[in-house]
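In: have a look at this fold, sequence not included:
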Ligand SMILES: Nc1ncnc2c1ncn2[C@@H]1O[C@H](COP(=O)(O)OP(=O)(O)OP(=O)(O)O)[C@@H](O)[C@H]1O
Ligand SMILES: O=P(O)(O)OC[C@H]1O[C@H](OP(=O)(O)OP(=O)(O)O)[C@H](O)[C@@H]1O
């Protein structure tokens, strides 16, 4: 059986395919995938899912390996081997609010997709806040008055800037990570170790 790799769709997928190609693996089927969710190459079976679902598939042994953002691992703490960072998908976690915003005296309302990370951040500061969960376009929340501030991923800073928000604090930085199912690493050791080592070497070189 070929190793099965779960890839995060979207941003990370494109950067992974470039990296995978640079390692000398057959990447054409991935580059020509269109809307297909599963792709076979000579050496691997790939499938594509949202980041958090990638961790679920790897945790449950449907995939042997997975490529997922470090933010997802910290937020959801899946029971997988978190092997090492990959040289793409770099971003940071930031607390941001409206420019010149005057914070209210009452409990702060913070909107985020990353509720666990947000709660831990404020807990460490010894501050109790109300966290409002949003699934996307989080920057809207302070602008529309749903929240005082947001905790969200920042890469170039363009989204914040174009929406009149400024960073109050940056507190975590991430990249994509290679993860593995715990039993696959034992049962399929002979097949997986050379792949993992090739990825590790490639990641070091970049
Ligand atoms: N600018 C960025 N915004 C969001 N995620 C980024 C960014 N740069 C790198 N990443 C990384 O890419 C991963 C996947 O991001 P992507 O935006 O493709 O997924 P998503 O936020 O779940 O997407 P979607 O909004 O399409 O559902 C994130 O978990 C994060 O680690
Ligand atoms: O600093 P930047 O380079 O502007 O990138 C950061 C933005 O990208 C992500 O959103 P995404 O495009 O994934 O859309 P979403 O709001 O639907 O998650 C993230 O949530 C920020 O909004």
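Out: Sure, I can see it. As the structure is a computational prediction, the values presented were derived from the model and not from experiment. Numbers count the residues shown, from 1 in each chain. Ligands and ions are numbered 1, 2, ... in the order given.

In: remind me, longest helix of the protein?
Out: Longest helix in the chain, counting residues (DSSP state H): helix 189-205.

In: can you name the residues in contact with that helix?
Out: Helix 189-205 is contacted from outside by 3, 19, 22-23, 64-65, 83-87, 178, 180, 184-185, using C-beta atoms under 8 Å, 6 or more residues apart in numbering. Every C-beta, even on glycine, is put in place using the N, C-alpha and C of the backbone.

In: and the most centrally placed residue in the chain, how far from residue 172?
Out: With distances taken as C-alpha atoms, centre = their mean, residue 69 lies nearest the centre of the chain, 2.0 Å away. According to C-beta to C-beta, to the nearest Å, residue 69 stands 11 Å off from residue 172.

In: before we move on, what about residue 114?
Out: According to C-beta to C-beta, residue 114 and residue 172 sit 9 Å apart.

In: and residue 178, what element?
Out: Using DSSP states H and E, residue 178 sits within strand 176-180.

In: for that strand, which strands pair with it and how are they oriented?
Out: strand 65-69 (antiparallel), strand 81-85 (antiparallel) (DSSP bridges).

In: the last one near ligand 1 at all?
Out: No - contact of strand 81-85 with ligand 1 is not found when judged by C-beta under 6 Å from any ligand atom; the minimum separation is 11.0 Å.

In: repeat that for the first one.
Out: Yes - contact check for strand 65-69 against ligand 1, using C-beta under 6 Å from any ligand atom: residues in range are residue 69.

In: name whatever forms a beta bridge with the residue of the chain found nearest ligand 1.
Out: Of all residues in the chain, residue 69 sits closest to ligand 1, at 2.0 Å by C-beta to the nearest ligand atom. Beta bridges link residue 69 to residue 176, judged by DSSP bridges.
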